[in-house]
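In: Give me a model of this one.
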Amino acid sequence: MRSGSRPASHGRVAGVVLLFIGAGFLLISAFQANIWFDESYSVAIVSHSFSEIWSIGSHDVHPVLYYWALHVVYLAFGSNIIAFRLFSALGSMSMAVLGVTCVAKDFGRTTGLLFTFFSLFVPVVGFMCLQVRMYSWASFAVALAAVFACRIALATSGSNDGRDAATSGGGEVPASWWIVLFGASLASAYLHYYAAIAAFLINVFLLVVLFRHRHTCKGRIRTFLCGAAITVACYVPWMMALAGQVSHVSSGFWIAMSFPETAYDILDYLVLTPAMSEAVGGSCGNVVQALAATVSVAVAACAAMLSIWMVARLWRHVRARRSAGRQLSRKASPADPALVAAWCGMGIYGGIIAIALTASLAMGQAVLYFRYLYVALCFPLFFFSVALSHVDRLWVTRTACGLTLAAAVINQAVMASDYYATEDHAAVDYYVEKVEELSVDEGAALVVSDNIGISGVLAERCPGIPIEYLDVYTDTTQAYEAYAPTVGIVESLHDKLDGYSGRYVVLASTDVLGDVQSVYGFAKEYDSEVVEIREYAYPYSSEDGFYVVAVLER
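Out: A predicted model of the protein is given here:
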């Protein structure tokens, strides 16, 4: 009994140690108050009540469960960006915990440890889990739904190699499994629409398994249908908002989709985060560039070889089953449940991409975006975890983990350098300085902008400074009410400026350093002179471009 319990005990200790090390690693860059535009929206909307979040969020492009949860954090800690960031990171850590608990129990300790390792150290996790957005919790909800759908499927098909008496040989399915499955599915749908697609496909796969065994599990089919009906009924209140959001996205959206760039993004986003791309591009020096490029190529090659190995193994199994014939099919080696689950997971992952492509064509707008695929991160991570746990050569597993860890370290080092850079505060400091200076000379300083990106960020970084914002987008006014009362949305800045005399501040941004024509165009339109222009790089987020703070005079 002792000798049998030692490996399990060692596995639990290894899992706990891995979780603590991984959590500390992920949080290296967490303790700073920088935000980019999407995060500023999260920070802004959670200061409103639950009912206001529902109303305002229905005009955004995402569901509202994350905002509701973050509102609870807001009630406890106030508008504390670090607290918000830690809450998001907790979602990724929760998914990592699934590896050393559920995955290890169902598919073996090695697979579980590998899943936890990848959930903590794949570079995209370090990048995404710190953002004040819904992605980390959506990825956890999808993973949780997948785990319990798989457990029910294994119990139904009786193919779990006897690892757990409750999940093999047609064992009983506890009510708690159904509750977790449908609860996680509903949470997924209320967190992100890609997560809703993932949850839908997970349930479809489970329903297929149940129908394949319908002669022996009619009760489970009834349970599934009842649970699915209740889940859909709980989602009905959001259906009207969903219809409005689809219309909003169809009328104009800012995501661009082009090939082959979009295809590259889908394939390489797990490793080539903005930080890794910065390192590969040479911004961090030649040595780091060479190291990052080498590691990235090596990781890609390793992933490609593992994928080919998995395909070859699947093909060999299919051929073996065919050659056995129908009469001898029982003598053919049964499919490994871990391999079946891995391929089903990748089927769901591919299905999400296919549905997103179809929706893009139907709406005439691109909604296939690599960032959104993060919510289904569990599927490729589980796929590679299963592959490595089935490879006989230990050096292959060690090499794959070593390369992943090297990429994670480079990614985290670049992120920490960017996130704690003094340049991240330069635009804010200058903005506050100019507003205070003009407030002394002119009374309350006037700040105007037609750029919601910089306006949203500075509104949340400096909530005491009102901004008059001209909404130049289509049908976004109600969504941007999240920034009230700091940001006042106006239909025309002429109402504010035509009768104004004196200096005022204009906020803008540019994708190219030195391109400030928008400010001069603004000055010409509102009969003003440019007094001063400052441009600032924002290392924390390259997606926001360069921030421009200008002083104009009428």
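
In: show me where pLDDT drops low in the stretch 451-554 of the chain?
Out: Applying pLDDT under 70 to the stretch 451-554 of the chain picks out residues 474-475.

In: Now do the strands in it.
Out: For the stretch 451-554 of the chain, the strands defined by DSSP state E, counting those that start in this stretch occupy 467-470, 487-490, 503-510, 529-536, 546-553.

In: closest one to residue 230 among these?
Out: Within these, the stretch nearest residue 230 is strand 487-490; the backing value is 39.3 Å (Cβ to Cβ). For glycine as for every other residue, the C-beta is placed from the backbone atoms N, C-alpha and C.

In: Any idea how far that closest one is from the middle of the chain?
Out: Offset of strand 487-490 from its chain centre (Cα atoms, centre = their mean, to the nearest Å): 29 Å.

In: Can you list the strands that it pairs with?
Out: Strand pairing for strand 487-490, using DSSP bridges, gives strand 467-470 (parallel).

In: now what about stretch 421-437, what contacts it?
Out: By Cβ atoms under 8 Å, 6 or more residues apart in numbering, the list of residues contacting stretch 421-437 from outside reads 32, 34, 418, 445, 447, 458, 461-462, 465, 505, 507, 534, 536-540, 547, 549, 551.

In: re the thing from before, same list (the strands of the stretch 451-554 of the chain) but as TSV, adding mean neighbour count and distance to residue 217.
Out: What follows is the strands of the stretch 451-554 of the chain, written out as TSV (neighbours: other Cβ atoms under 10 Å; distance: least, Cβ to Cβ, whole Å):
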stretch	mean neighbour count	distance to residue 217
strand 467-470	21	57
strand 487-490	18	55
strand 503-510	22	57
strand 529-536	16	62
strand 546-553	22	59
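
In: Now render the ones you listed as TSV, adding distance to residue 313.
Out: Shown next, in TSV, are those (distance: least, Cβ to Cβ, whole Å):
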stretch	distance to residue 313
strand 467-470	56
strand 487-490	56
strand 503-510	50
strand 529-536	53
strand 546-553	49
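
In: I'd say residue 522 and residue 506 touch.
Out: Yes. The criterion here is Cβ atoms under 8 Å, and residue 522 meets it with residue 506 at 5.8 Å.

In: got any residues that touch both of the two?
Out: Shared contacts of residue 522 and residue 506, defined by Cβ under 8 Å, 6+ apart, are found at residue 552.

In: What is the burial count for residue 234?
Out: Using other Cβ atoms under 10 Å, residue 234 has 15 neighbouring residues.

In: what does the one 5 residues further on give?
Out: Applying the criterion other Cβ under 10 Å, we find 10 residues in the vicinity of residue 239.

In: again with residue 221
Out: 15.

In: and if you look at residue 354?
Out: When neighbours are counted by other Cβ under 10 Å, residue 354 registers 13.

In: And for the one 4 residues further on?
Out: Number of residues near residue 358 (other Cβ under 10 Å) recorded here: 12.

In: What of residue 392?
Out: Counted with other Cβ under 10 Å, residue 392 comes out at 6.

In: tell me the SS of it?
Out: Three-state call for residue 392 (DSSP: H, G, I helix; E, B strand; the rest coil): coil.

In: how much space between residue 123 and residue 273?
Out: 5 Å (Cβ to Cβ, to the nearest Å).

In: Now list whatever residues contact both of those two.
Out: Counting by Cβ under 8 Å, 6+ apart, the residues touching both residue 123 and residue 273 are residue 411.

In: Who has more neighbours out of those two?
Out: For residue 123 and residue 273, the more surrounded residue by other Cβ under 10 Å is residue 123, and the numbers stand at 26 against 23.
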